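In: let's see this in three dimensions:
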Amino acid sequence: MNKLLSCRYNMDTNRVEARFADGSAVAIDCVAIEDEYGSTPAQRAELDWLLCNRPLEYAQLVLGGEMEHYLSLGCDHGRLED
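Out: Model prediction:
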């Protein structure tokens, strides 16, 4: 794979579709990612927030093997405010 050019979240298939500079593409199964990394409600909320707001960052984290580290930082984008 080459440089990641674009991503979009496909709500119908629940996948992030990524396209690369060399013309290749990959579809990331979001259910599998949530099952692997979303062990708490806060982590699942963060994964959902990334999908809707930053699909490119989501794909980079998954493909780079950094999702677990990212979630361990305690990000709170997806949390509801009181």
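In: which residues of this protein score low on pLDDT?
Out: 1, 76-82 (pLDDT under 70).
In: now do the helices in it.
Out: 30-37, 41-53, 55-63, 67-72 (DSSP state H).
In: same for the last one, what does it pack against?
Out: If I follow you right, that is helix 67-72. helix 30-37, helix 41-53 (3 or more C-beta pairs under 8 Å, 6 or more residues apart in numbering; DSSP states H and E). C-beta coordinates here come from the backbone N, C-alpha and C atoms, glycine included.
In: before we move on, what about the first one?
Out: The elements that helix 30-37 packs onto, with contact taken as 3+ C-beta pairs under 8 Å, 6+ apart, are helix 41-53, helix 67-72.
In: and the residue nearest the centre of the chain, what is it in contact with?
Out: Closest residue to the average C-alpha location of the chain: Tyr58 at 2.9 Å, with C-alpha atoms, centre = their mean. When contacts are counted by C-beta atoms under 8 Å, 6 or more residues apart in numbering, Tyr58 touches Cys7, Tyr9, Val16, Ile28, Leu47, Leu50, Leu51.
In: from the helices and strands packed on helix 67-72, which stretch is densest packed?
Out: Of the helices and strands packed on helix 67-72, the one with the most neighbours on average (mean count of other C-beta atoms under 10 Å) is helix 41-53, at a mean of 17.
In: nearest residue to the residue nearest to the centre of the chain in space, please, no chain neighbours.
Out: In space, and not counting its chain neighbours, Tyr58 is closest to Leu50: 4.2 Å by C-beta to C-beta, 6 or more residues apart in numbering.
In: could you do Tyr37 as well?
Out: Nearest to Tyr37 is Met67, by C-beta to C-beta, 6+ apart, at 5.2 Å.
In: repeat for Asp22
Out: Nearest one to Asp22, counting by C-beta to C-beta, 6+ apart, is Asn2 at 3.9 Å.
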